[in-house]
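[1] Mind looking at a prediction? Sequence and model below.
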Amino acid sequence: MPKSKSTSKPPPSPKTSKKEPVPLSELPKPTIINSPKGKGKSTKSKARVLFWHRTDLRLTDSPALTRALEIENIEYFWPIWCFDPEYVYKHRVGLNRWNFLLESMNNLSEEYTKVNNKQKLWVFRSRPELVIRKLIRDWGVTHICWEKDSNAYSKVRDERIFALAEEMGIQVIATPGRHLFDPDEVIKQNKGKPTMTLHQWQGVTAKMGEVSQPAPTPSSIPDPGPSELQDNREEEWGRYEGVDLNADVRTGDDTCFDSLTGPKDSPFSVPTMSQLGFPPSTTTIRGGTIEAHKRLDLFLSDREKVAKFSKPHSAPTSLEPSTTLLSPYIKFGCIGIRELWWGCKRVVEEYKKGGGKGETKEPENMFGQLEFRDMYACAEASVPHFERIRGNSVCKYVAWSLQNQYDEDGNEILPRPRDKDEQTEQRFEAWKEGRTGFPWIDACMRQLKHEGWIHHLARHSVACFLTRGQCYISWERGMEVFDEWLIDWDPASNPGNWMWLSCSAFFSQYFRVYGLVSWPQKTDKSGALVRKYCPELKDFPDKYIYSPHLAPQGIQEKAKCIIGKDYPFPILDEHLEKDVCIARLKDAFHLNYHGNDEDVLNGTAERKLIELHEENGHTREKMIEGKEDDKKRKREADGEGALDKFIKREKK
């Protein structure tokens, strides 16, 4: 089991190694590190190749795999996976995403075996730098290939391997393939700046040519070499110094890292949920490249549906997903992004040639949605601390409740100390657990935990409610819950969307707030999603399904659900808290601080914002008082005050 402590400093990034681009026709340009002179093996000798899978769990449309198989004189070829304790313990990963990952790994292994019955996915259980160093020594590896990542954690991880390869005299080939365009190249073309709008991203990439065609699926895979290893207990393979962020969901013994290659009776196998100490998942969403392509083929089979696909106009209240549900498969690379892009291009052209009209335009169509994904990736790749407020240059500073806490050295304190404002902590817990007393919010949060997925407009609703809509709680807290529960979690899109929905970056219309009753009623007045995920409310009439606390006592008794007993009262006043949040956001936009400003880093910004709230009457207490004054003035305007005076005169 990993050792734990309350805080931990991230490891320093190794010195960046020199990289040289290698052009390939109709493929993204890979990055190669050449072996140092005198150390590397001759390029004319036999090649022993490791293909390191990460978020590319497929054989189709893999530019990196295509490039790896083009290496001359391949003697042995091993597709490997490194189960990294850094990922297992340091990243919040819920049961449903774990299960999806393991299913996808097993499916990929089966796909390799179909192509070559001697092949499979060779799974190792340790930090990549330890695994790869050992395989270079024991198996005589000459090349390491992978699909390039651009997000912050992956860059640190991969730089260690670049440095290791240079030290040990082997070649690295890292080929872009996760995105429509390599985020690092887009940033370079944008003069090192992040892409903060879709229009900006489109302007940069318009000069970079078309999206690449899908890479060919390999018809053959070389044999693997020897599988024998020297003493594989020479290292603490699963050693991890820090806080195990997934400890609270473990119910059994964690035996994943007992051996480098897994159980003796099943060496190099994909870990199981029980080996990780986890109970079974609850999702109905199955992982794997086979399932991914079934869903993709089903979507592409309906030309009109593809041509008229409009994500903002799909129904968040639908019991069955009203979108493609391809996002988890894109996240884990079970399908290639170019397969989806060019598949949609082909189908839309066929629709138009057949006389079809009214196709959806960007950004609402599928192409626009994929471009948004790239926009976030380019922002995250160029902005340090993109996943938090502190130090984040693009994140507007708001004095949210329950922000991350840091020690004197600037390290985040984990677990986060409980806030003195107990009511705010309770509101956050109620939001997370789906017991806010607002059925639409509760149904969405319960679905998220159970399935690992909710409609993107449902995500908008719960994110707005937690942050700028009503609760005024830091988007960092909501992002963490999504980090854990979303199967399709993405290190760029998740913080990007949370900043968008909290109006911290990308979007600034903070006065536009989702109604907790009026919004879901637009697409379903019957509350089908609420009845499924909040079954205690299933017998309420449609009139009260989104606001059961307004139902008369007799209706509550008939529905066998007493509000305050069987289902909670609303945890807050929707309209009052909305007004408070809007007023405070107005103050924050006026001061216009960002996460990397000195006043934010030293705490001055928070004090100034609180003082401004007080000065402008934007505290909850003063706004409640103002509401009461408004009610009093309204009563007087309606004549209630005059009637009171008349009654008093009559009594004299």
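    On my side now, so go ahead.

[2] and residue 568, what does it touch?
    Neighbour list for residue 568: 430, 435-437 [criterion: C-beta atoms under 8 Å, 6 or more residues apart in numbering]. Glycine gets a C-beta too; all of them are placed from N, C-alpha and C.

[3] rerun at 7 Å
    435, 437 (C-beta atoms under 7 Å, 6 or more residues apart in numbering).

[4] Per-residue confidence, it, what does it come out as?
    With respect to pLDDT, residue 568 scores 98.

[5] Work out which residue lies at the spatial centre of the protein.
    residue 489 (2.7 Å; C-alpha atoms, centre = their mean).

[6] A strand includes that one, no?
    No. Using DSSP: H, G, I helix; E, B strand; the rest coil, the secondary structure at residue 489 is coil, not a strand.

[7] Excluding chain neighbours, what is closest to it?
    residue 483 (5.8 Å; C-beta to C-beta, 6 or more residues apart in numbering).

[8] Surely the one you found is within a strand?
    No. Residue 483 is assigned helix when assessed by three-state DSSP, not a strand.

[9] where does this protein dip in pLDDT?
    1-44, 232-235, 628-652 (pLDDT under 70).

[10] Break it into its domains for me.
    Split into domains by the TED database, the chain comes to 44-177, 179-216+288-382, 422-616, 619-651.

[11] Span of the longest one from start to end?
    Spelled out, that is domain 422-616. 25 Å (C-alpha to C-alpha, to the nearest Å).

[12] The helix or strand hosting residue 107 - contacts with which helices or strands?
    If you go by DSSP states H and E, residue 107 is part of helix 95-115. On a contact count with 3 or more C-beta pairs under 7 Å, 6 or more residues apart in numbering; DSSP states H and E, helix 95-115 meets helix 289-300.

[13] Just give me how far the helix it packs on sits from the chain centre.
    21 Å (C-alpha atoms, centre = their mean, to the nearest Å).

[14] Beyond it, next helix or strand please.
    Next element after helix 289-300 (DSSP H and E): helix 303-307.

[15] can you give me phi and psi for the residue lying closest to residue 60 once chain neighbours are set aside?
    Spatially, and ignoring its direct neighbours in sequence, residue 60 is nearest to residue 217 (4.8 Å; C-beta to C-beta, 6+ apart). For residue 217, the backbone dihedrals (degrees, to the nearest 10) come out as phi -80, psi 130.

[16] Can you report how many residues lie near residue 217?
    16 (other C-beta atoms under 10 Å).

[17] ditto for residue 284
    10.

[18] What of residue 52?
    Neighbours of residue 52 (other C-beta under 10 Å): 23.

[19] Would you mind confirming that it is in contact with residue 144?
    Yes. Checked against C-beta atoms under 7 Å, the pair residue 52 and residue 144 is within contact range at 6.1 Å.

[20] which parts of the host helix or strand of residue 138 are buried?
    In this structure, residue 138 sits in helix 128-139 according to DSSP H and E. Residues of helix 128-139 classed as buried by neighbour count (16 or more other C-beta atoms under 10 Å): 128-136, 139.

[21] Including distance to residue 528, could those residues go into CSV?
    Formatted as CSV, the entries for the buried residues of helix 128-139 read as follows, by distance: C-beta to C-beta, whole Å:
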residue, distance to residue 528
128, 46
129, 50
130, 51
131, 48
132, 51
133, 55
134, 54
135, 53
136, 56
139, 56
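
[22] ok, so of those residues, who is nearest residue 527?
    residue 128 (47.9 Å; C-beta to C-beta).

[23] That closest one: what's it in contact with?
    82, 84, 157, 161 are the contacts of residue 128 under C-beta under 7 Å, 6+ apart.

[24] Apply 6 Å and report the result again.
    residue 82 (C-beta atoms under 6 Å, 6 or more residues apart in numbering).

[25] name the element residue 393 belongs to?
    Using DSSP H and E, residue 393 falls outside every helix and strand.

[26] can you pull the contacts of it?
    Residue 393 neighbours (C-beta under 6 Å, 6+ apart): 594, 596.

[27] Could you point out which of the domains of the chain sits nearest residue 273?
    domain 44-177 (6.3 Å).

[28] distance of residue 388 from residue 224?
    42 Å (C-beta to C-beta, to the nearest Å).

[29] Helices along the stretch 551-652 of the chain, start to end?
    Per DSSP state H, counting those that start in this stretch, the stretch 551-652 of the chain carries helices over the ranges 553-558, 574-591, 598-601, 604-615, 620-637, 640-651.

[30] The spatially closest residue to residue 69 that is not a sequence neighbour and residue 138, how far apart?
    Excluding the flanking residues, the one nearest residue 69 by C-beta to C-beta, 6+ apart is residue 218, at 5.8 Å. When distance is defined by C-beta to C-beta, residue 218 is 26 Å away from residue 138.

[31] Wait, residue 143 touches residue 48, no?
    No. At 7.2 Å, residue 143 and residue 48 do not qualify as touching, with contact defined as C-beta atoms under 6 Å.

[32] Which one's more surrounded, those two?
    residue 48 (25 against 22).

[33] Contacts only, for the more buried one.
    75-76, 140-142.

[34] try 10 Å
    By C-beta atoms under 10 Å, 6 or more residues apart in numbering, residue 48 lies in contact with 41, 71, 73-78, 135-136, 139-143, 170, 222, 224-226.

[35] Quick check: the gap between it and residue 192.
    38 Å.

[36] same check, this time on residue 335
    Counting by C-beta to C-beta - residue 335 and residue 192 are separated by 31 Å.

[37] who's more crowded, these two?
    residue 335 (23 against 8).

[38] quick one: the more buried one from residue 300, how far?
    Looking at residue 335 against residue 300, where the rule is C-beta to C-beta, the gap reads 11 Å.

[39] just residue 174 next, same as before
    30 Å.

[40] quick one: which of the two has more around it?
    More neighbours surround residue 174 than the other of residue 174 and residue 300, with 22 against 18 (other C-beta under 10 Å).

[41] Okay, angle between the helix or strand containing that one and helix 128-139 too, please.
    Counting by DSSP H and E, the element that carries residue 174 is strand 171-175. Orientation note: strand 171-175 sits at an angle of 130 degrees relative to helix 128-139 (axes from the mean of the first three to the mean of the last three C-alpha atoms, to 10 degrees).

[42] then strand 171-175 to CSV, C-alphas only?
    Extracted as CSV, the C-alpha positions of strand 171-175 are listed here (Å, rounded to 0.1, in the frame of the first residue of the first chain):
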residue,chain,number,x,y,z
GLN,A,171,15.1,6.3,-29.9
VAL,A,172,11.8,7.8,-28.9
ILE,A,173,9.0,8.5,-31.4
ALA,A,174,6.1,10.6,-30.0
THR,A,175,3.5,11.2,-32.7
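
[43] List the neighbouring strands of it plus their orientation.
    Sheet pairing for strand 171-175, assigned by DSSP bridges, gives strand 31-33 (antiparallel), strand 143-147 (parallel).

[44] And the next helix or strand past that strand?
    helix 183-189.

[45] How far off centre is that next one?
    On C-alpha atoms, centre = their mean, the centre of helix 183-189 falls 21 Å from the chain's centre.

[46] Next SSE downstream of that helix?
    Following helix 183-189 toward the C-terminus (DSSP H and E): helix 198-205.
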